[in-house]
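Show me the folded form of this:
(one chain, ligands or ions: 1)
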Amino acid sequence: MTREIAVSELTRAQARAELADLAQVLAAADAAYHTRDAPEISDADYDALKRRNAEIEARFPELKRADSPSDQIGAAPSEGFAKVAHEVRMMSLGNAFSEEDVTDFDAGIRRYLNWPEDDPLAYTAEPKIDGLSLSLRYESGRLVRAATRGDGETGENVTANARTIATIPTALDGAPEVLEVRGEVYMRHEDFEALNARQAETGAKTFANPRNAAAGSLRQLDAAITRTRPLAFFAYSWGALSEPLAATQMGAINRLKKLGFQTNTLTRRCENTAEMLAHYRKIEAQRATLGYDIDGVVYKLDRLDLQARLGFRSTTPRWAIAHKFPAELAWTRLEAIDIQVGRTGALSPVARLTPVTVGGVVVSNATLHNEDYIKGLDSRGEVLRDGKDIRIGDWVQVYRAGDVIPKVADVDLSRRPEEAEPYAFPETCPECGSEAIREEGDAVRRCTGGLICPAQQIEKLKHFVSRAAFDIEGLGAKQVEQFYRDGWIAEPADIFTLKERYGTGPRQLKNREGWGEKSAQKLFDAIDERRRIALGRVIFGLGIRHVGEQSANLLATHYGTWEAFDQAMTEAQAMEGPAWDDLLAVDGVGQVMATSLVSAFAQEAERAAINRLVAALDIQQAARPRVEGSPVAGKTVVFTGSLEKMTRAEAKARAEALGAKVSGSVSKKTDLVVAGPGAGSKGKKAAELGIETLDEEGWLALIGQA
Ligand code: IVH
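The predicted model follows:
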């Protein structure tokens, strides 16, 4: 059905037909979103359809259907969970999409209350969390029931699941006899990424976005599974109460906070619409760095007596509204698929898109991950997106969360052009023509061109000058690329002969476009300064596959000098014997990294390039951290759960200063786990492996900082 005719132009018959169609389309979208946790249309498209439905109904009130989408909240609960009838209905929120909508909202309330224009009327403003709502019922301070929203009247009983969420208290001190706390269950970005990585590793289903992951995790029939999922909860509202929490919205939120709930720290009381809009912009500016998804700002009238006077429409309160951000999901056309070749030869498909605004940012490129992803399979060969493949010419859904690289998340088969062909992933490198092969168990196809592949060379050089490697001031990715294209540098060692070759003579650096006497001299000085360099930076700078910054530093502290490291890499080439065993004993080094290291040193051309580089350098011996008397020197420590006395970053820095190695995951190599509240799966694994576990206090006592 086309929705191109303006509502004011619709005939009655057209309006009736469109309302029927909208009821069907929106019901299907609701079922996909709420019951199956697998949205089929973007939030923005959904909102647009709902708005159109409301506009048609406003013009033809007599045509409003009994099953009108305007009266629906969410979707009926799915089979499998016991049903819970909400004592107080769980409401949805009306939407505002512009500043004008917000001033209209305030004006409407003033009209309703007959409130003079120049009398102040305060509101709270807070982030709208993109998760799923949950109602928690406490009786005599005990959590007795947790229920999802369902259709607003009846939800699903997920009490056992809710009890596994660390930020949901199971007992409250000083709460009203009956208290229903409402809020949002959500998943932080880092937890979502880690969960998806774990899921992929075990061949389990991965989630399209944090909201789906949160919903899928909460709505598990087996609460033991929910327990392993990193869920969190923000309290922002309430249902049934035996006595009022406070006189104002802000007061009630503060009360919930005192009772032990996590409330959002960006919640503010605003005196007028100007302050509300200013706070909206402030929250929007922080959106990318919050660490969890939000999709707007919710304004609520602060005085609860006035909220009570205003009451509700069929599904939404009159006293609150959600001011939505521009969509973070958008549909657009896939114009082409480009293949980028990385430092290690990996061929990465990149979607070239008809530019589209996603969450306020214009996106024209997005990742397609790898060959299998395009085919509709995950790295284990399991079906993704119901097995739908992605073709050039397709309409695709682009997803962007915070500052993460946008990705193509879905494809609309109904809009696929007839001539669209399945995408044939190249089997040769588009940059150098060498064969590109995919090794068993590897999700990625790689160019076998090595040093002859210009793309790999450039990427290696860019990596070499990057911040954690040689970090040469004035020599960034752009300059490296130009110097490479002009044949000035082909490998890292060439950087250290630039001055010799282009410091004087007819083709001097200072005569190049964009350069001058001063900048050329500055670059030569910066390069000279970097001849004296830490061993860890050299090892990392070589750009050997699987060797990250942290591993490079661990290798450096282990071997101490370049000579010792170099000799060990030669001796370990047999892949057995003491040098090999010693390499595997380095923290964080497993078979994969060890193999990658020795094979890099075994390749003659690569080895010769390394030798040329090293000849130009004065590599510093790696200093071992001062650890005399440290009880944790040499130990591998994992921090999990929330810490109260310090941030995670601070805890890590202190532990490392004491000679400990801080790891992100619990394994047999872990010596000690420091578990705060909400430790979840890592705490459990530590117990299983019999690893010593301390709480934050215990840890501080151990390191003498209690
Ligand atoms: S208040 C009676 N505040 O948005 C008012 N809702 O689109 C009840 N949501 O069903 C809702 N963050 O699941 C409120 N800070 C917030 C919210 C919020 C997210 C969700 C909630 C609600 C939906 C409405």
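
What is the neighbour count of the residue in the stretch 301-450 of the chain positioned nearest to the ligand?
Residue of the stretch 301-450 of the chain nearest the ligand, by C-beta to the nearest ligand atom: Pro317 (4.5 Å). Glycine gets a C-beta too; all of them are placed from N, C-alpha and C. Residues near Pro317, counting by other C-beta atoms under 10 Å, number 18.

Over to it: give its phi and psi.
phi -70, psi 150 (degrees, to the nearest 10).

Contact partners for it?
Residues counted as contacts of Pro317 (C-beta atoms under 8 Å, 6 or more residues apart in numbering) are Met91, Leu93, Gln307, Leu310, Gly311.

And the first one, how far from the ligand?
Read that as Met91. 4 Å (C-beta to the nearest ligand atom, to the nearest Å).

what does this protein put close to the ligand?
91-93, 126, 128-129, 133, 184, 236-237, 298, 317, 320, 322 (C-beta under 6 Å from any ligand atom).

Quick check, central residue of this protein?
His189 (3.5 Å; C-alpha atoms, centre = their mean).

Quick check: that one vs the ligand, distance?
From His189 to the ligand the distance is 17 Å (C-beta to the nearest ligand atom).

So what's the gap between stretch 563-580 and the chain middle?
39 Å (C-alpha atoms, centre = their mean, to the nearest Å).

Let me know the helix or strand that the residue in the stretch 51-200 of the chain positioned nearest to the ligand is in.
Scanning the stretch 51-200 of the chain for proximity to the ligand using C-beta to the nearest ligand atom identifies Ser133 as nearest, at 3.2 Å. Under the criterion of DSSP states H and E, Ser133 resides in strand 132-139.

Name every strand pairing with that strand and say which way it goes.
Neighbouring strands of strand 132-139 in its sheet, by DSSP bridges, are strand 142-148 (antiparallel), strand 178-186 (antiparallel).

next helix or strand past the last one?
It stands for strand 178-186. helix 189-201.

buried stuff in that following helix?
His189, Asp191, Phe192, Ala194, Leu195, Asn196, Gln199, Ala200 (16 or more other C-beta atoms under 10 Å).

got the angle for that helix vs strand 178-186?
Here helix 189-201 runs at an angle of 70 degrees relative to strand 178-186 (axes from the mean of the first three to the mean of the last three C-alpha atoms, to 10 degrees).

show me where pLDDT drops low in the stretch 551-700 of the chain?
624-628, 649-650 (pLDDT under 70).

Which residue ranges of it form helices?
562-571, 578-584, 591-602, 604-615, 648-657, 680-689, 696-702 (DSSP state H, counting those that start in this stretch).

Dump the fifth one to PDB, keeping only the CA atoms.
Only the C-alpha atoms of helix 648-657 are listed here, as PDB (Å, rounded to 0.1, in the frame of the first residue of the first chain):
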ATOM      1  CA  ARG A 648      37.800  -0.500  36.600                       C
ATOM      2  CA  ALA A 649      40.600   1.400  34.800                       C
ATOM      3  CA  GLU A 650      42.000   2.600  38.100                       C
ATOM      4  CA  ALA A 651      41.900  -0.900  39.600                       C
ATOM      5  CA  LYS A 652      43.700  -2.300  36.600                       C
ATOM      6  CA  ALA A 653      46.400   0.400  36.600                       C
ATOM      7  CA  ARG A 654      47.100  -0.200  40.300                       C
ATOM      8  CA  ALA A 655      47.300  -4.000  39.900                       C
ATOM      9  CA  GLU A 656      49.700  -3.600  37.000                       C
ATOM     10  CA  ALA A 657      51.900  -1.200  38.900                       C
END
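
centre of the chain versus it, how much separation?
For helix 648-657, the distance to the chain centre is 23 Å (C-alpha atoms, centre = their mean).

which helices and strands does it pack with?
For helix 648-657, the packing partners by 3 or more C-beta pairs under 8 Å, 6 or more residues apart in numbering; DSSP states H and E come out as strand 636-640, strand 661-663.

part of a strand, is Trp238?
Yes. According to DSSP: H, G, I helix; E, B strand; the rest coil, Trp238 belongs to a strand.
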